[in-house]
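Undergrad: After the sequence you'll find the predicted model.
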Amino acid sequence: MSHTTIQDSLSKKKDHVLDLIGTDQVQKIFGNSDTEAIAFTFSILDLIKKKSALYGTNMNTNSQFYTYSREIDSCKTWCADISLDLNSGFSNTELIEFYWDLIIITELQFILPYYLQNKKYYYKSVNNSIIKKIGKTLTSVINEKKINNSISENYSWRFSGLNYSLIYIPLYFKDFIWGKSDSIYFHVILPRSSDSRESLTEADKVLIKHSKEWLLALLELASDLNLMYMRLYIRRSDIGNISALLKNLNWIGGKLIHNEDRDKLSKNDIDMNEMLFGDEEFLILEFEC
């Protein structure tokens, strides 16, 4: 019996997300020359099918589209876009599946490369581990209990998000940007920008040259989501552009965050599947919002 690799499932989920997010409504928004980016964010409370029974019919969650565009005064800003609504085109079951796809794709950004193609550690085990972790967080939120974590706050990327985000800035990134947040941190994982360690592609050069523009867009989104800090995760495989990128980011006062100590992590009482995840593939920068 052959098992699906994590990479196989990741690709399928990305295609599914693209199908749902690539609606005529969204395409129409990008037809507006002033729109430079779009973001979709939702609360894990949106995973609950019968929200009204638990919270009352007026329960509010954070499911929302945002567009980033130039206003009359020439300043760029994020605005909630009420014209975009997934609820109008998809069933509740489809939406929940969409939310789960976003969560799992975001969490799998931290899977160590070795396990992406290794069928020994097939997808189902890791998938169940993520679902279990989200379930525990959701239970704590519902019961208004403190979320207990045995992992250092410095490595809060390991915690389940309370909200998850999908960000698309097509001028500078050819792929989606994945994000998750708690009440303090906005963890933003940049997509891979180059397949080469030695040379910069034209896309890389554009990314570096306009780093101020896309970084400001991300910081403003974090601020609009009422978060205190943004942690930016840049893949070390893009080492060809990291040094140039860091020079361009000095003006904003970003702080370099050390990667986690896996020796200390292994001593904690955590799910063994957690050992398949790590941040060592990333250079991590923290910014105050």
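TA: That came through fine.

Undergrad: Could you list every helix and strand that the helix or strand hosting residue 15 packs against?
TA: Residue 15 belongs to helix 6-21 when elements are defined using DSSP states H and E. Counting contacts by 3 or more Cβ pairs under 8 Å, 6 or more residues apart in numbering; DSSP states H and E, helix 6-21 is packed against helix 92-107, helix 113-117, helix 123-142, strand 163-168. Placement of C-beta: from N, CA and C, glycine included.

Undergrad: Now distance to residue 76 and mean pLDDT too, for the ones you listed, in JSON lines please.
TA: Listed next are these as JSON lines, based on distance: least, Cβ to Cβ, whole Å; pLDDT from 0 to 100:
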{"stretch": "helix 92-107", "distance to residue 76": "25", "mean pLDDT": "90"}
{"stretch": "helix 113-117", "distance to residue 76": "35", "mean pLDDT": "80"}
{"stretch": "helix 123-142", "distance to residue 76": "33", "mean pLDDT": "88"}
{"stretch": "strand 163-168", "distance to residue 76": "14", "mean pLDDT": "95"}
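
Undergrad: closest one to residue 39 among those?
TA: The closest of these to residue 39 is strand 163-168. By Cβ to Cβ, the value is 4.6 Å.

Undergrad: export that closest one as CSV, just CAs?
TA: C-alpha atoms of strand 163-168 as CSV (Å, rounded to 0.1, in the frame of the first residue of the first chain):
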residue,chain,number,x,y,z
ASN,A,163,-6.8,33.4,13.5
TYR,A,164,-5.4,32.3,10.1
SER,A,165,-4.7,34.5,7.0
LEU,A,166,-4.1,34.2,3.3
ILE,A,167,-2.4,37.1,1.7
TYR,A,168,-1.7,37.8,-2.0
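
Undergrad: Can you list the strands that it pairs with?
TA: strand 35-43 (antiparallel), strand 177-181 (antiparallel) (DSSP bridges).

Undergrad: so how far is the first one off the chain centroid?
TA: Using Cα atoms, centre = their mean, to the nearest Å, we find the averaged C-alpha position of strand 35-43 to lie 11 Å away from the chain's own average C-alpha position.

Undergrad: quick one: contacts of that strand?
TA: Outside strand 35-43, the residues that touch it by Cβ atoms under 8 Å, 6 or more residues apart in numbering are 21, 26, 29-30, 61-70, 76, 78, 81, 99, 102, 162-171, 179, 217, 221, 225.

Undergrad: give me that answer again for 7 Å
TA: 21, 26, 29, 61-69, 76, 99, 162-169, 171, 217, 221, 225 (Cβ atoms under 7 Å, 6 or more residues apart in numbering).

Undergrad: Enumerate every residue touching the residue nearest to the spatial centre of the chain.
TA: Centroid check for the chain by Cα atoms, centre = their mean gives residue 179 as the closest residue, at 1.9 Å. Neighbouring residues of residue 179 by Cβ under 7 Å, 6+ apart: 165, 167, 186, 187, 188, 189.

Undergrad: Now neighbour count and distance to residue 285 too, for those, in a markdown table please.
TA: Below are the contacts of residue 179 laid out as a markdown table (neighbours: other Cβ atoms under 10 Å; distance: Cβ to Cβ, whole Å):
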| residue | neighbour count | distance to residue 285 |
| --- | --- | --- |
| 165 | 26 | 18 |
| 167 | 23 | 17 |
| 186 | 27 | 12 |
| 187 | 26 | 12 |
| 188 | 24 | 10 |
| 189 | 21 | 12 |
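
Undergrad: what's the most distant pair in those residues?
TA: Farthest pair in the contacts of residue 179 (Cβ to Cβ) is 167 and 187. Separation: 11.9 Å.

Undergrad: among the strands paired with strand 163-168, which is the most enclosed?
TA: strand 177-181 (a mean of 25; mean count of other Cβ atoms under 10 Å).

Undergrad: Export only the CA atoms of that one, formatted as PDB.
TA: What follows is strand 177-181, C-alpha atoms only, in PDB (Å, rounded to 0.1, in the frame of the first residue of the first chain):
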ATOM      1  CA  ILE A 177       1.700  34.400   1.800                       C
ATOM      2  CA  TRP A 178       0.500  32.300   4.700                       C
ATOM      3  CA  GLY A 179      -0.100  33.800   8.200                       C
ATOM      4  CA  LYS A 180      -1.500  33.000  11.600                       C
ATOM      5  CA  SER A 181      -1.900  35.000  14.700                       C
END
